[in-house]
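[1] Here is a sequence with its predicted model. Questions after.
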Amino acid sequence: KAGVTQTPRYLIKTRGQQVTLSCSPISGHRSVSWYQQTPGQGLQFLFEYFSETQRNKGNFPGRFSGRQFSNSRSEMNVSTLELGDSALYLCASSPRGSHRDTNLDTQYFGPGTRLTVL
Amino acid sequence: GIQVEQSPPDLILQEGANSTLRCNFSDSVNNLQWFHQNPWGQLINLFYIPSGTKQNGRLSATTVATERYSLLYISSSQTTDSGVYFCAAVTSGSARQLTFGSGTQLTVLP
């Protein structure tokens, strides 16, 4: 099976712009989560989507949003970019779709999108 | 929320040495995973191990859920083992939200 793919891999934007990142999960995986990694804050959870619904959201401002399509592909959007949004954005997919059966909870990560805000 | 602490923060080894990385967590967990972050930033799955012991080649992991810690063992280390190792946990009721530790930076010298 192909792994989690993310596009683009690198992105340079200026303050005030908006950006959309894309994530394609492993085939058959229905859950997609997004994480932000910065040197100062480490790896932090942004949100999780399952069946086109946001299941859980981390402690980020409303400028960060996402969505999931019927084929499980997901996008995240950051509006009004700030310098502090420069980070590696990682997407992860997971096979399962309910809160039971934790054996299917393993999360598999994509290569990430490195966003630089100037 | 759950706190995840890793130790040591940095570890420098000679090739061929063994090492143990530790992960302490503050609450009971439904999911605990170990990852290796490669130089390009991708998180590579090592183990899904909310409890018990697993082995994969030179790597093994043990989680003692009742005492809220997990250990990652690397035997006969190689230079390609260098990188940052993360553990991450999910608690009951938080769906699949992984809370990460701050990582252990491992450097294996030739």
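    Looks like it arrived, so ask away. For clarity, every value in this text was computed on a predicted model and none was experimentally measured.
[2] List, one by one, the residues from chain B near chain A.
    B:30-31, B:33, B:35, B:40-45, B:48, B:50, B:86, B:88, B:90, B:94-100, B:102-103 (C-beta under 8 Å from any C-beta of the partner chain). Where C-beta positions appear, they are placed from N, C-alpha and C, glycine not excepted.
[3] Generate a PyMOL selection restricted to the buried subset of those.
    Selection of the buried residues among these in PyMOL, burial being defined by 16 or more other C-beta atoms under 10 Å in any protein chain shown:
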select buried, chain B and resi 30+31+33+35+41+42+43+48+50+86+88+90+94+95+96+97+98+99+100+102+103
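[4] Among the residues of chain B next to chain A, which lie within strands?
    Counting by DSSP state E, the part of the residues of chain B next to chain A found in strands is B:30-31, B:33, B:35, B:43-45, B:48, B:86, B:88, B:90, B:99-100.
[5] Please identify which pair of the residues you listed lies farthest apart.
    Farthest pair in these (C-beta to C-beta) is B:Asn30 and B:Ile44. Separation: 21.7 Å.
[6] Please enumerate the helices of chain B.
    Using DSSP state H, no helices are found in chain B.
[7] pLDDT below threshold where in it?
    For chain B, applying pLDDT under 70 flags the ranges B:94.
[8] what is B:Cys55 paired to in the beta sheet?
    Careful, residue B:55 is Gln and not Cys. Here B:Gln55 sits in beta bridges with B:Ser60, as judged by DSSP bridges.
[9] Who are the contact partners of residue 20?
    Picking chain A for this. A:Glu75, A:Met76, A:Asn77 (C-beta atoms under 8 Å, 6 or more residues apart in numbering or on different chains).
[10] was after chain B, sorry
    B:Leu71, B:Leu72, B:Tyr73, B:Ile74.
[11] at 7 Å what do you get?
    Contact analysis of B:Thr20 by C-beta atoms under 7 Å, 6 or more residues apart in numbering or on different chains lists B:Leu71, B:Tyr73.
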